[in-house]
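1. Provide a 3D model corresponding to the input given below.
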Amino acid sequence: MLYNLSPMELEELIRKVVGEQFEAFRKNNSTENPDELITREEACLLLKISLTTLWNWTKKGKLIAYGIGNRVYYKRGELIESLVRIN
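-> Numbers count the residues shown, from 1 in each chain. The predicted model follows:
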């Protein structure tokens, strides 16, 4: 199948596929679903903090945690809303 493609056609095909994948990734990682539950590790990545800081902020009431069994989750929207403007 690739033998019949010119270099320009191949480049266009690659751009199209990569663009579609990037768009799907962006939709999955957006804040469109603020009630989405995320793990502690995902919350740390989102806020760019350590697990210790996340635990301390939760303990102080700065963040709200939700639990199911032994697992701890945070709502993506609540984490974004907890950010405070500095200036």
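2. going forward, measure contacts and count neighbours with C-alpha atoms only.
-> Will do.
3. gap between residue 9 and residue 17?
-> 12 Å (Cα to Cα, to the nearest Å).
4. Give the buried residues for the helix ranked longest in the chain.
-> When the chain is parsed with DSSP state H, its longest helix is helix 7-28. The neighbour-count check on helix 7-28 (16 or more other Cα atoms under 10 Å) flags nothing as buried.
5. go on, stretch 36-48?
-> So for stretch 36-48, counting by 16+ other Cα under 10 Å, buried means 37-40, 43-44.
6. now the residues you listed in a markdown table, with secondary structure and distance to residue 81?
-> What follows is these, written out as a markdown table (DSSP: H, G, I helix; E, B strand; the rest coil; distance: Cα to Cα, whole Å):
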| residue | secondary structure | distance to residue 81 |
| --- | --- | --- |
| 37 | strand | 14 |
| 38 | strand | 15 |
| 39 | strand | 17 |
| 40 | helix | 17 |
| 43 | helix | 13 |
| 44 | helix | 15 |
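7. Closest one to residue 55 out of those residues, please.
-> residue 40 (8.9 Å; Cα to Cα).
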